[in-house]
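A.B. asks: make a model of this:
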Amino acid sequence: MGTGKTHIAIATDQAWYDKAKFKFPTLIIAPLLTFDSWQEKYDMQDPDATLKTINRKDRDAFIKAIKANHADVYLCHWDALRLIVDELKNVTFNTVIADEVHRASNRKAKATKALKQIKTYHKLGLSGTASGDKPDGLWSILNWLYPKDFKSYWTFRKRYCLEERTFAGGASYTKIVGVQNKEELQALIAPFYSRHLKREQCCEHHPNGVMGWLPDKVYTNIWVDLSPIQRKFYEQMRLEMVAWVGKHEDSPLVASVVVAQMVRLSQMALATPAFEGDKIKLSLPSSKLDALKELIEDMEGKQVVVFSASKQICYLAQKYLEADGIIVEVLSGDTPQGDRVGMVKRFNEGK
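C.D. replies: Purely as a prediction, here's the structure:
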């Protein structure tokens, strides 16, 4: 992450497109949460390229745009790929870029089978974790990239996967427990495999990694006392949960119910709770937000990114901090797709 895979993919695709005799479009298959990043990188690196993103609620419009040749680049997420493959397999692309290509490591998955049906002149796979420590998943990716060289899964598995036989339920089977002939495998894929590291030497061009200038990470725990009213609600609910578990200790607990109770308990520690039926609405005062504001003020104008599992506390923090003149934007599941790119851009520009 952060070593430039997206930038390299765009530049490589541009080079392939410039050399192409026939100008076909590019298809990018990527996780939904990376769409904003792809849009941002194209705006920065190739602003003249028109990019069409699939709409989860209107996939037909995406297909029509492809057939009408409305854009240079089409961006689709992995979950949609298997649903629209019947239309896509009738289209020829100049390049297919599979972002987080390890999602195609399961050779039996529908998305993997769909990926291998798409016609294209060039293929590019991006991943920071292509196969982990079990190379059998790597075969599926290599089979997509070079189907003539990597035909048989079982031949690949026998050569490069370390197996052991296990007996269970009266039957025996083999399972993969590691890698064998590792140096041979690395030499085999070396001509078409590029690996970059942030702060360690990865190649002759990056003796200190691609981001050797990064400072060391510093981790600090800041303990915050609950306000008296928060503590009262927290202790009351905690005791109720302990009593509830005690009453049900002789019967199986429903996991979803337990998780819901734990989430409600964690909300008590964020801000002052008010109950609206089964829902909790958070309000001020909040000792956590007080500590957050103090931390931000100590940074003397530096930019800060705050992550939280609670969307509600993010919006409460926005109102609380803006009252003191701190500029805040919240990016959550409620943020429209069109607004997200602008948010990231404003942050990167220091606004």
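A.B. asks: and the gap between Q261 and M268?
C.D. replies: With distances taken as CB to CB, to the nearest Å, Q261 is found 11 Å from M268. To be clear about C-beta, it is placed using only N, CA and C from the backbone, and glycine gets the same treatment.
A.B. asks: between those two, which one's more packed in?
C.D. replies: M268 (22 against 16; other CB atoms under 10 Å).
A.B. asks: for S332, give me its contacts.
C.D. replies: 311, 314-315 (CB atoms under 8 Å, 6 or more residues apart in numbering).
A.B. asks: inside helices: which ones of those?
C.D. replies: 311, 314-315 (DSSP state H).
A.B. asks: out of the residues you listed, which end up buried?
C.D. replies: C314 (16 or more other CB atoms under 10 Å).
A.B. asks: what's the closest of the ones in helices among the contacts of S332 to W139?
C.D. replies: Checking the ones in helices among the contacts of S332 against W139 with CB to CB, the nearest one is K311 at 40.4 Å.
A.B. asks: and the spatially closest residue to that closest one that is not a sequence neighbour, helix, strand or coil?
C.D. replies: Spatially, and ignoring its direct neighbours in sequence, K311 is nearest to S332 (4.7 Å; CB to CB, 6 or more residues apart in numbering). Secondary structure, DSSP: H, G, I helix; E, B strand; the rest coil: S332 is coil.
A.B. asks: all strands for the stretch 101-250 of the chain, in order.
C.D. replies: 119-126, 161-168, 171-179 (DSSP state E, counting those that start in this stretch).
A.B. asks: most packed of the ones you listed?
C.D. replies: Of all these, strand 119-126 has the most neighbours on average by mean count of other CB atoms under 10 Å, namely a mean of 18.
A.B. asks: so how far is that strand from its chain's centroid?
C.D. replies: 21 Å (CA atoms, centre = their mean, to the nearest Å).
A.B. asks: start the count at 21, not 1, going forward
C.D. replies: Happy to do that; since the first residue is 21 now, the last one works out to strand 139-146.
A.B. asks: show me what it is packed up against.
C.D. replies: On a contact count with 3 or more CB pairs under 8 Å, 6 or more residues apart in numbering; DSSP states H and E, strand 139-146 meets helix 25-39, strand 112-119, helix 156-165.
A.B. asks: each with direction, which strands does it pair with?
C.D. replies: Using DSSP bridges, strand 139-146 pairs in its sheet with strand 112-119 (parallel).
A.B. asks: check the offset of stretch 258-268 from the chain's centre.
C.D. replies: Mean-position distance between stretch 258-268 and its chain equals 37 Å (CA atoms, centre = their mean).
A.B. asks: first vs last residue of stretch 283-298, how far apart are they?
C.D. replies: Taking CA to CA, to the nearest Å, stretch 283-298 runs 12 Å from one end to the other.
A.B. asks: wait, T46 touches D92, no?
C.D. replies: Yes - counting by CB atoms under 8 Å, T46 touches D92, with 6.7 Å between them.
A.B. asks: any idea which of the ones in helices among the contacts of S352 is closest to D270?
C.D. replies: Distances from D270 to the ones in helices among the contacts of S352, taken by CB to CB, are shortest for K331, at 37.0 Å.
A.B. asks: that older thread, of T46 and D92, who's got more company?
C.D. replies: For T46 versus D92, neighbours defined as other CB under 10 Å are more numerous around T46 (25 against 19).
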